[in-house]
Structure formats: C-alpha cells, structure tokens
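Undergrad: just need the structure, nothing else, for what follows:
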Amino acid sequence: MSTVPRTSAGAGVDYPDSDGKPVAETPLHRDNLLSLVHVIRHHLAADPNTYVSGNMFLYYVPGDKRRHVSPDVFVARGVPPESDPGRRVYLTWREGKGPDLVIEVTSPSTRREDLKHKFALYRDTLRVREYFLFDPYGDYLDPPLRGYRLVEGQYVEIEPVDGRLPSEVTGLHLEGGEPMLRLYVPETRRWLPTAFEMFEEGEAARQDAEAALRQAEAARQDAEAARQDAEAARQDAEVAFERSEAIRRQEAAENERLRLELEDLRRRLAGP
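TA: Numbers count the residues shown, from 1 in each chain. I've put the predicted structure just below:
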C-alpha cells in the first residue's frame, strides 16, 4: 500500500483544483473516464474505506503547487470517502497515502506522458500498486490495454487471465473492448454494466415501474367502478324491496278491510 505520513504540512496553501483544460480529449475518452469512475465506485460502495475518483488534481509534495498529477481514474484503499466529502483536490499527506490503482485513458496528446513521466511518477514517487493504460481507439497501444503491478519497486506487466487483466486492488478483471474498457467480476462470472448501460437499465426499470403503476391505477379505477356499480345495484335492490314491501302492506290492509266488510255484511244478513 502506498502510504505517506499524515501531516498538516502545506496548510494555508491554495491548491488549484483545475487547469482550465477539458475533462478528456474526445467524447469516447470522456465516456470511458466517467463510466469507469462511476462503475468502480458503485462496485466498491459497500467498503466504507475506499475512495474512488478521477480527473482530480492529486498533490504529493506539501506546499508545492507544481507537484501534482491528475489521474483519469484512481482507487485509494483505506481512505474513507466520508472523511472529506467535499474534496476538491487530493492531498496525499492529508489522506495519509496515495492511490493503490490508477487507470489512464491514453490519447495522442497524453500517451508520451502516460508511458514515461506518469509511469515513473506512479512507480517511484507515489508507489501505485497497479497502473493500467487503455487506448480506446487502439491506435497508440498494442495491445490497447496494458497493466503493471508494483513488485519490489518495479512495474511488472500483469499476465492476462482468459484474455483479461486481473486487478488485485479491486478484485475485478479489466478487458479493453471497443470502444469501452469493460470490468469483469470473476466470482460471479458476470460483466459489470457500463454507466450508460446502468442508466439504460435504470430507465427501463423506471418505465416498467411507471407502466405497472398505470396498470395498478387502471385496476383500482376498474375496481372502484365495479364497487360503485355494486353499490348502485344494492341501492336499486333496496328501493325495489321497499316498494314491494309497501305494496304488500297496502294489499294486506286492503284484504283486512275487505274481510271486515264481509264479516259485517254476514252479520246483517243473519239478522237479530
């Protein structure tokens, strides 16, 4: 693990968080960068002591604003994200360590720096355990994905496993696809979806939930209409019953009246 002493050195220095340059050289580089940060962060979210970020100024010499690097993607084990949720820059002496893994999405303007300056910086100064370089167009690296692991102070190429490069830091296997760098979970033998696939899946799930909600609402309305029909039928039945009871009582009263009249007529005909 690339640890450095925690210190308050450099306090009071204003460390810039931007150089005014765009996030990435092309939309494809940007998509890879943003997707990787999101997917790795999501995959490691259960670990409260792992910080995942990218395209962020990382300073490694207290008080020296020129000593910085901006990894496309990095993972720092043992650094709780919640210890400083408002981080604008990463200060190795404040965090107590540097990254354990770095991924650079290389391009024509960065490949020389990625292969030389950053390679040496990550190996010799920051002591990054794993360093991956990915060329999404496959124009500058052959193969387009390379991986190195720090062994006794030197970077040794990571041997592929089933065509993928294993990362001990994340437990994931990396495969350079076209055009996205894909992440594979060997324990479950499943690929992690890219951030855009996750969005599409989430959007599909949202639409399915909305459709189910509409169906449930339609069923509720149908049930309410059936209830109202049943209530109307019950009320009609009550009205009909009351009418029939009124007619029955009226007929009974008329029959009683006729019976009394008939008895009276019989008494009069019988005489005294």
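Undergrad: the lengthiest helix in the chain: how far from the chain's middle?
TA: Longest helix in the chain by number of residues, with DSSP state H as the criterion: helix 195-270. The chain centroid and the centroid of helix 195-270 are separated by 50 Å, computed with Cα atoms, centre = their mean, to the nearest Å.
Undergrad: from the contact counts, what lies against it?
TA: Contacts defined by 3 or more Cβ pairs under 8 Å, 6 or more residues apart in numbering; DSSP states H and E place helix 195-270 against helix 27-43. For glycine as for every other residue, the C-beta is placed from the backbone atoms N, C-alpha and C.
Undergrad: now the helix or strand following the helix it packs on, how far from the chain's geometric center?
TA: Next helix or strand after helix 27-43 toward the C-terminus (DSSP states H and E): strand 50-53. Strand 50-53 has its C-alpha centroid displaced from the chain centroid by 16 Å (Cα atoms, centre = their mean).
Undergrad: who does strand 50-53 pair up with?
TA: Using DSSP bridges, strand 50-53 pairs in its sheet with strand 73-77 (antiparallel).
Undergrad: for stretch 87-98, C-alpha coordinates in CSV please.
TA: C-alpha atoms of stretch 87-98 as CSV (Å, rounded to 0.1, in the frame of the first residue of the first chain):
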residue,chain,number,x,y,z
ARG,A,87,-12.8,17.2,-1.5
ARG,A,88,-11.8,19.4,-4.4
VAL,A,89,-8.2,18.1,-4.6
TYR,A,90,-6.5,15.0,-3.2
LEU,A,91,-3.6,15.8,-0.8
THR,A,92,-1.5,12.6,-0.2
TRP,A,93,-0.1,13.9,3.2
ARG,A,94,-3.6,14.8,4.4
GLU,A,95,-5.1,11.5,3.3
GLY,A,96,-2.1,9.5,4.6
LYS,A,97,-1.5,7.7,1.3
GLY,A,98,-1.6,7.8,-2.4
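Undergrad: and A225, how far from Q215?
TA: Computed with Cβ to Cβ, to the nearest Å, the distance linking A225 and Q215 is 15 Å.
Undergrad: what's the answer for R123, then?
TA: 58 Å.
Undergrad: neighbours around F196, how many?
TA: 14 (other Cβ atoms under 10 Å).
Undergrad: who are the contact partners of it?
TA: By Cβ atoms under 8 Å, 6 or more residues apart in numbering, the residues touching F196 are D31, S35.
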